[in-house]
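>>> Pasting a predicted model and its sequence here:
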Amino acid sequence: MSELVCDVAIVGAGPAGIAAATALKDAGVQNVMILEREPEAGGIPRHIHHPTFGLLVFHRPMSGPKFIARILSKCRNVQFEFNASVMEIKPEGILNIATPEGGKIVKAKHIVLATGARERPRHPRLISGLRPQGIMTTGALQKFIYGETLCPFKRPVIVGTELASFSALSTLKSGGAKAVAMIEENPRITAYRPAMCFAAIMGTPIHYNSRIVDIGGMNQVEYVRVKDKNGTRQIDCDGVIFSGGFVGETALSINSHLEHHPVSHLPLVDQNWVSSDPQISIIGNCVHPADMGDQCYMEGLEAGKHIANLIKNPRATTNQDLFHISHDSRIKMLTPSAVRIKDDDTGELTIHLHVRVPFWGKILIRQADQVLYSKTHRCLPARRITLKNVPISSHPRLNTESHFSPKIEIILGTA
Amino acid sequence: MLNQNANSRWDVIVIGAGVVGCAIVRRLCLGGAKVLLLERGADILSGASKANSAILHTGFDAPPGSVELNCIQAGYKEYLDIHKRLNLPLLQTGALVVAWDQEQLSTLDEIVEKAHQNGVDDVAQIGKSELHAREPNLAEHALGAARVPGELVIDPWSSPLAYLTQAKLEGAEYRFNAEVNGGEFDGNSWQLSTTQGHFNAKLAINCTGNQGDIVERICAEPQFKIRPRKGQFLVYDKSAANLISSIILPVPTKITKGVVLTKTIFGNLLLGPTAEEQEDRNEAPVTTEKLEELIVIGTKMLPALSAHGVTATYAGLRPATEHKDYQIHAQPEKNWIGVNGIRSTGLTAALGIATYVENLLREKFTNSLALSDTKANKTSWPKMPMLAQHETRTHQSGDGTEMICHCESVTRGEIERALESDIPARSLGGLRRRTRVMMGRCNGFYCSAKVAKITRGRLEVPLSTGETT
């Protein structure tokens, strides 16, 4: 089996992966390779044509394809391997990949997983009904309309009201189709309120406090049934778009030696995006499904710098001192999801988290019996919540315990 | 159009292209008969056969002395004989009938005894410690098991496709979208009317699964009534497959074999089925409520399951009847055989049922049909595309084309070949079953648009309404 050797192998050529490669090259790392399973670079933003990119990185709004072109122009002397699907990650910097010519092995000093996120599709949502054609996610719709210039249906319903749901509305318009309804379980939309105006302009009603309870149709979708407090009614349509509800694309890590968080089931990453294997970093929406492309890019730059440092000083990270930050299931995920603390370390963490359910109250971070952080936050799902200046140290060791207790816990309290 | 097929070009018309129909067509073609297969769906396996648990059964728990047991065991044996020549996979898992309480534990003796009575001699009881040593992820309240080493996992879709492909190479013909809605017997031959015109043959064989009693009425009033029984399943992510190494079977009740946990040949973990009687013969919707119940049942047996994602949900209809045994009835005076009530064991039994039907023809239909000696050894053996996770897949050797479906590792070349094969896919379901495309954890997020492009103009129900406007 043929072998590819490099200093750093990055899996995924989306904003995070491109940024990591850019930072690694800028820091003087020699052989940086990006493995991308698609035939071109860019990832999800390629198919998002509204201007939700660029503000953070370039200080002006731009479409996904423009954003990708800009960030690629800064990413020089990186070896792109397209149509290369990573099948397996192994310890000691080894990847098994599939290419049109067959299987190959990649050997690297360090591996970066930047595999991104996707929306939760129909089946894992356990939605009742038949299995006709015309059921997909926003991401799939974008690939149809912007990727292949094909339209899968003319009058679908959209399930969800996240940013992605309104992206679906806009994508449908580009494809010459129109959503007949948006269906939201909660009494308000999940995205920022002004998005409601967009639905109104598009002429698509939003049904609140409503759940989809049936999908009908033998070949193509013919109807959905929607339940609210007044009962169940039928909405005729020819497609169903399940939007938002992002999940990390973690198939590689879940089937590997990497450790995962017991609540989010996402791979553990420390404050420098290093996983439980010191030779593997994980960045971007794969570990925080899903934040903005700009945020993934900025994070990729930071992670790249850190990896360049690790390659120059290979002993900088050991595996003995990684501890996951515990939390309950009201928190969907957080980064870092774990912390590496050495005995004499002190420092400050910035923690980003998403909640599953709305929460308005005190967020407390404790390490042993010491309070590290306590502040009131108003948290809504599908928003990045940032906890700044969280001090971490080995202080608990100075207490009566003779045993060092690094356990860190986030507690959602009451207001 | 109506009478273009009026001459008896065929010796036998087989109605229904489920696994049983495909196996019978193959068997009769190997016996030199000219066979036509009529199917109302757009592809083979459009009814009961598309959704099952994909287990090759030993018959250890089948009713002793039944036709079902006979066919299961003959089918099991023939599958093992021919699967390599057809490039069909086999996963050697074995099964454990697990007792979850004292009452179930006390019935394991009977299960072992019945297995021995059925000639499955290697079934033996194992204690709690051996059970947990074999299956360390099972919940603590698993008290013991009957071990059935011979239960295996196979590819439920490539197998019948292989049977029909081999038959086609031997001269069989088939018509899809041809629903049989009536027929007349003139004393010598049948003229069957379908949604695609009339077809004549000396004999007719009814293998229409959930439509069995309706189609049977074309010949005579049936001695059974089809009672469709819905089974819902959950397919867990491939990450869950290694939580078990054997098929985990429950202690059976009178109604059903109960909820099974098994690996699939494609590398997933399967949980199901439910057993829900319903009137409707055609539609098998999944329901949130029952799927959630299944998850509770599954997680009770295998607590670690809760950390793994669901890839797919589906439901099938098993053609049960009020009788315990299969309803295979020959009517030599009317040149008709009904092959009905083939419930959940049909995948295993199909090859055995085909031989059973062949024997009926050789014994009771000599006036209307003369079968030659079976030429199994001289026939051609089509090689099916290999889709099993534990075997070498196309992408590992490379076919020069890019991967289209990343969850299931399907190349463009594999899709193209399925669209051009001996029995080409003409529906999305058919394409999925032939290649695994769009069957993975992302439910088609990555590949459905590409599949829409590749299949444009080649499927009966297209994946797109056309170019964007």
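Great, that's in hand.

>>> all helices for the chain, in order.
Defaulting to chain A. For chain A, the helices identified by DSSP state H occupy A:15-26, A:55-58, A:64-73, A:138-142, A:163-174, A:195-202, A:251-254, A:293-312, in order along the chain.

>>> wait, I meant chain B there
Per DSSP H, chain B has helices spanning B:19-30, B:67-82, B:102-117, B:128-134, B:158-169, B:212-216, B:288-301, B:346-364, B:394-397, B:412-420, B:428-435, B:448-454. These are given in chain order.

>>> Measure how far the fourth one is from the centre of its chain, please.
The chain centroid and the centroid of helix B:128-134 are separated by 32 Å, computed with CA atoms, centre = their mean, to the nearest Å.

>>> May I see the buried residues of that helix?
Buried residues in helix B:128-134, counted by 16 or more other CB atoms under 10 Å in any protein chain shown: B:131, B:132, B:134. Placement of C-beta: from N, CA and C, glycine included.

>>> what residues are up against the residue lying closest to the second one once chain neighbours are set aside?
Going back to what we said before, that points to residue B:132. Leaving aside its sequence neighbours, residue B:132 sits nearest to residue B:138 (CB to CB, 6 or more residues apart in numbering or on different chains; 6.4 Å). Residues in contact with residue B:138 (CB atoms under 8 Å, 6 or more residues apart in numbering or on different chains) are B:98, B:131, B:132, B:244, B:248, B:301, B:302.

>>> Okay, and the beta partners of the nearest residue to residue B:248 once chain neighbours are set aside?
If you skip the residues right next to it in sequence, residue B:248 has residue B:261 as its closest partner in space, 4.0 Å away by CB to CB, 6+ apart. Per DSSP bridges, the residues bridged to residue B:261 are residue B:248, residue B:271.

>>> What is the burial count for residue B:261?
Residue B:261 sits with 27 neighbouring residues when counted by other CB atoms under 10 Å in any protein chain shown.

>>> re the thing from before, most neighbours of all the contacts of residue B:138, which one?
In these, the most neighbours by other CB under 10 Å go to residue B:98, 27 neighbours.

>>> Could you tell me the per-residue confidence at the nearest residue to that one once chain neighbours are set aside?
In this structure, residue B:98 finds its nearest non-sequential neighbour in residue B:145, 4.7 Å apart by CB to CB, 6+ apart. Reported pLDDT at residue B:145 in the predicted model: 98.

>>> Now do the contacts for residue A:328.
By CB under 8 Å, 6+ apart, the neighbours of residue A:328 are A:263, A:412.

>>> gap between whichever residue of the stretch 1-150 of chain A sits closest to chain B and residue B:403?
In the stretch 1-150 of chain A, the residue that lies nearest chain B is residue A:102 (3.0 Å; CB to the nearest CB). Counting by CB to CB, to the nearest Å, the separation of residue A:102 from residue B:403 is 12 Å.

>>> residues from the stretch 301-450 of chain B in reach of chain A?
The stretch 301-450 of chain B comes close to chain A at residues B:307, B:309-314, B:395-403, B:406-407, B:409, B:411, B:428, B:441-446, B:448-450, as judged by CB under 8 Å from any CB of the partner chain.

>>> from those, which would you call buried?
With neighbours counted by 16+ other CB under 10 Å, these contain buried members at B:309-314, B:395, B:398-399, B:401-403, B:406-407, B:409, B:411, B:428, B:441-446, B:448-450.

>>> re earlier: reformat the helices of chain A as JSON lines; add distance to residue B:462.
Formatted as JSON lines, the entries for the helices of chain A read as follows, by distance: least, CB to CB, whole Å:
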{"stretch": "helix A:15-26", "distance to residue B:462": "34"}
{"stretch": "helix A:55-58", "distance to residue B:462": "39"}
{"stretch": "helix A:64-73", "distance to residue B:462": "27"}
{"stretch": "helix A:138-142", "distance to residue B:462": "16"}
{"stretch": "helix A:163-174", "distance to residue B:462": "18"}
{"stretch": "helix A:195-202", "distance to residue B:462": "26"}
{"stretch": "helix A:251-254", "distance to residue B:462": "29"}
{"stretch": "helix A:293-312", "distance to residue B:462": "32"}
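
>>> could these go into CSV alongside distance to chain B and mean pLDDT?
Formatted as CSV, the entries for the helices of chain A read as follows, by distance: least, CB to the nearest CB, whole Å; pLDDT from 0 to 100:
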stretch, distance to chain B, mean pLDDT
helix A:15-26, 16, 98
helix A:55-58, 26, 98
helix A:64-73, 16, 98
helix A:138-142, 5, 98
helix A:163-174, 7, 97
helix A:195-202, 16, 96
helix A:251-254, 4, 96
helix A:293-312, 17, 96
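
>>> Adding mean neighbour count, write those helices out as JSON lines.
Compiled in JSON lines, these are given as follows (neighbours: other CB atoms under 10 Å in any protein chain shown):
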{"stretch": "helix A:15-26", "mean neighbour count": "27"}
{"stretch": "helix A:55-58", "mean neighbour count": "16"}
{"stretch": "helix A:64-73", "mean neighbour count": "19"}
{"stretch": "helix A:138-142", "mean neighbour count": "28"}
{"stretch": "helix A:163-174", "mean neighbour count": "24"}
{"stretch": "helix A:195-202", "mean neighbour count": "14"}
{"stretch": "helix A:251-254", "mean neighbour count": "22"}
{"stretch": "helix A:293-312", "mean neighbour count": "22"}
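
>>> related to what we said a few turns ago, list the ones among the residues of the stretch 301-450 of chain B next to chain A that fall in strands.
Judged by DSSP state E, these include B:310, B:311, B:312, B:313, B:314, B:403, B:411 as members of strands.

>>> is it possible to export the residues you listed to TSV including pLDDT?
Conversion of those to TSV gives the following (pLDDT from 0 to 100):
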residue	pLDDT
B:310	97
B:311	98
B:312	98
B:313	97
B:314	97
B:403	97
B:411	98
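
>>> with these in mind, which one is nearest to residue A:280?
residue B:403 (22.7 Å; CB to CB).

>>> Which residue ranges of the stretch 201-350 of chain B form strands?
Using DSSP state E, counting those that start in this stretch, the strands found in the stretch 201-350 of chain B span residues B:227-236, B:247-250, B:260-263, B:269-272, B:276-277, B:310-320, B:327-331, B:336-340.

>>> Residue B:176: which of the helices of chain A is closest?
Taking CB to CB as the criterion, helix A:138-142 is the member of the helices of chain A that comes nearest to residue B:176, at 27.9 Å.

>>> what packs against the closest one?
strand A:117-119, helix A:163-174, strand A:240-242 (3 or more CB pairs under 8 Å, 6 or more residues apart in numbering or on different chains; DSSP states H and E).

>>> Okay, and the beta partners of the residue nearest to residue B:98?
Applying DSSP bridges to residue B:145 yields these beta-bridge partners: residue B:98, residue B:126.

>>> Next, the angle helix A:15-26 makes with the biggest strand by length in chain A.
Among the segments of chain A that qualify as a strand by DSSP E, the longest is strand A:102-113. Between the axis of strand A:102-113 and that of helix A:15-26 there is an angle of 80 degrees, by axes from the mean of the first three to the mean of the last three CA atoms, to 10 degrees.
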